[in-house]
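Fold the following and give me the result.
(one chain, ligands or ions: 2)
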Amino acid sequence: MEHRKLAFIGAGNMSRSLISGLIQSGYPADCIIAANPSRPKLDALAADFGIRTTQNNLEAVTQAEAVVLAVKPQMMAAMLSELLAAGATLGDKLLISIAAGISVARLEQMAGGHTRIVRTMPNTPSLLGLGMTGLYARPHVAEADRAYCQHMMEAVGKTLWVDEEDGINQVIAAAGSAPAYFFLFMEAMARQAEQSGFSADDARLLVQQTALGAANMVAANPQLSLSQLREQVTSKGGTTAEAIRRFNDNGLDRLVADAMAAAVARARELERQL
Ligand SMILES: NC(=O)C1=CN([C@@H]2O[C@H](COP(=O)(O)OP(=O)(O)OC[C@H]3O[C@@H](n4cnc5c(N)ncnc54)[C@H](OP(=O)(O)O)[C@@H]3O)[C@@H](O)[C@H]2O)C=CC1
Ligand SMILES: O=C(O)[C@@H]1CCC=N1
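Ligands and ions are numbered 1, 2, ... in the order given. I've put the predicted structure just below:
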């Protein structure tokens, strides 16, 4: 892939995941700079990945050809206005937003009318090269910029373009936020395994290895539907059937639909507020 000079503004969890995945995929460390107000996360990134770091956003942006906007949504307007006030010229730079709940139109306003923007929605498994990223850009964004963003996110996982911007909010519900759903489910299972007598380590091992195996079964068997994979485990009159019956009787489908709709609703609410 093309190795543009890349700046991350905000060095939190998601930046760390992307930087780790990029470095593992061979992106040159000296092409990446991260900016953050406080030092500890920067020091950890420099030590772990050999990238350049600064506490000065303007310094990072000035050196970059592409800038990943990776602050919390609520910080975005202030961060960009301070950057512009400090004299940043965005003219020739591609902005890549990873923020939930900020539309491209709003980003354009925040960035002083700059329109070279791709909006993305990655997730934290990017850290391991197992990310899932949704991408959206308005029609005027050049093919080369789209390709760069796609290749960047492919370096840390899989990608999916959405045609309508609201598709990004659906990606949040199905992928961006979704690692946390699986962790929550695994927490509940591990807690129950502990209560049944396993040590914390053994409970985690049982749940972790099973989740890993199940996800790999899905990935390795594209010819089988998710339902077929479930049915392969579910012997008639057996133990799994009883467990599945309880999940269904307790409204798992409705619960999941409700949770995903809540994530979308919150993303849309942020889009109205910010
Ligand atoms: N976490 C996730 O799974 C995902 C997050 N996202 C998006 O990524 C973005 C970042 O989220 P996440 O990494 O979780 O959040 P974090 O809070 O972990 O990281 C945000 C970072 O931004 C820094 N920061 C705050 N103000 C500024 C500023 N003015 N200039 C530069 N840096 C600043 C913070 O520094 P300090 O802590 O020192 O104040 C912090 O390190 C959000 O917009 C979120 O919507 C998208 C997909 C998934
Ligand atoms: O919780 C959030 O708002 C961010 C966006 C997707 C994952 N984390």
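
the strands in the stretch 51-200 of the chain, which residues?
Per DSSP state E, counting those that start in this stretch, the stretch 51-200 of the chain carries strands over the ranges 52-54, 66-69, 94-97, 117-121, 131-136, 157-161.

got a list of contacts for the second one?
Spelled out, it's strand 66-69. 4-10, 15, 18, 60-61, 76, 79-80, 90, 93-99, 107, 148, 152 (Cβ atoms under 8 Å, 6 or more residues apart in numbering). Backbone N, C-alpha and C define where each C-beta goes, glycine included.

what's the answer for the last one, then?
The contact list for strand 157-161 (Cβ under 8 Å, 6+ apart) reads 21, 122-123, 125-126, 129-136, 146, 150, 153, 171.

quick one on the thing from earlier: and the contacts of strand 66-69 near ligand 2, which?
Subset of the contacts of strand 66-69 in contact with ligand 2: empty, counting by Cβ under 6 Å from any ligand atom.

show me what contacts the residue nearest to Val162 when sequence neighbours are not counted?
Leaving out its chain neighbours, the residue that sits closest to Val162 by Cβ to Cβ, 6 or more residues apart in numbering is Tyr136, at 5.1 Å. Neighbouring residues of Tyr136 by Cβ under 8 Å, 6+ apart: Val104, Val118, Arg119, Thr120, Trp161, Val162, Glu164, Glu165, Gly167, Ile168.

repeat for Ala100
Ala100 is in contact with Pro73, Met121, Ile172, Gly176, Ala267, Leu270, counting by Cβ under 8 Å, 6+ apart.

out of the residues you listed, which is most surrounded?
Met121 (28 neighbours; other Cβ atoms under 10 Å).

which residues does that residue bridge with?
Gly134 (DSSP bridges).

any weak-confidence spans in the stretch 1-150 of the chain?
Across the stretch 1-150 of the chain, nothing is flagged by pLDDT under 70.

Out of the strands of the stretch 51-200 of the chain, which gets nearest to ligand 1?
strand 117-121 (5.7 Å; Cβ to the nearest ligand atom).

CA atoms of the closest one as PDB?
This file holds the C-alpha atoms of strand 117-121, laid out as PDB (Å, rounded to 0.1, in the frame of the first residue of the first chain):
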ATOM      1  CA  ILE A 117     -12.600  13.800   4.200                       C
ATOM      2  CA  VAL A 118     -13.300  10.100   4.600                       C
ATOM      3  CA  ARG A 119     -15.400   8.900   7.500                       C
ATOM      4  CA  THR A 120     -14.600   5.500   8.900                       C
ATOM      5  CA  MET A 121     -15.800   3.300  11.700                       C
END
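
tell me which strands and helices that strand is in contact with?
strand 94-97, helix 104-110, strand 131-136, helix 143-154, helix 166-171 (3 or more Cβ pairs under 8 Å, 6 or more residues apart in numbering; DSSP states H and E).

Deepest in the core, which of the ones you listed is it.
Neighbour counts (mean count of other Cβ atoms under 10 Å) averaged over each of the helices and strands packed on strand 117-121 peak at strand 94-97, with a mean of 26.

So is that strand next to ligand 1?
No: against ligand 1, strand 94-97 shows no contacts by Cβ under 6 Å from any ligand atom, the least distance being 7.8 Å.

Got the domain ranges for the protein?
The chain breaks down into these domains under automatic domain parsing: 6-163, 178-270.

Highest mean neighbour count out of those?
Of the domains of the chain, domain 6-163 is the most buried (mean count of other Cβ under 10 Å), at a mean of 19.

Quick one: end-to-end distance for stretch 103-119.
End-to-end distance of stretch 103-119 (Cα to Cα, to the nearest Å): 8 Å.
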